[in-house]
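> next comes the sequence, and after it the predicted model I'd like to discuss.
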Amino acid sequence: MVDEKILDKIRKVAALTTSSNQGEAANAAAMLTALLLKHNLDISQIPTEAKATDNFTRYDTNSTTSQALPSWKINLAWAISRANLTRVVLTNEHHTLAWMGRESKVEVAEFIWFTTCADL
């Protein structure tokens, strides 16, 4: 169980990420990511009073073939999702990935995955 003081600090830093001052918001986002990684937490594990504004999403990638995704693509997706504080799961007999998390993080993780797969 995580100490309540740590959870309070994470909540306060998370609140600063919505600041109208772009520099303050960017610094808070970086600090929030560092705190979450340090304590091995995901933002979804932090209880807040305003869960309705979290804007969680799920996006399914569409496979163009009937074959299962190669294991390297699955492993790459898992590593990218972990680094971006999102989740990825396999669906439809390993033909489709489902990305889940905050909408902006899902967009970034998926973009990194598609770009990296195309480059390799």
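Sure thing, it's come through.

> alpha carbons only for contacts and neighbour counts from here, please
Will do.

> so which strand or helix has residue 67?
Under DSSP states H and E, no helix or strand contains residue 67.

> now the spatially most central residue of the chain. Nearest residue, chain neighbours left out?
Geometric centre of the chain, nearest residue: residue 86, 2.4 Å, by C-alpha atoms, centre = their mean. Of all residues not flanking residue 86 in the chain, residue 101 sits nearest, at 4.8 Å (C-alpha to C-alpha, 6 or more residues apart in numbering).

> model confidence score at that neighbour, please.
With respect to pLDDT, residue 101 has a value of 84.

> SS state for it?
strand (DSSP: H, G, I helix; E, B strand; the rest coil).

> the one 10 residues further on too?
What three-state DSSP gives for residue 111 is helix.

> and it, how far is that from residue 99?
Applying C-alpha to C-alpha, to the nearest Å, the value for residue 111 to residue 99 is 11 Å.

> now residue 32
From residue 32 to residue 99 the distance is 21 Å (C-alpha to C-alpha).

> look at the two and report which has more neighbours.
residue 99 (25 against 22; other C-alpha atoms under 10 Å).

> excluding chain neighbours, what is closest to the more buried one?
With C-alpha to C-alpha, 6+ apart, the residue lying closest to residue 99 is residue 88, at 4.5 Å.
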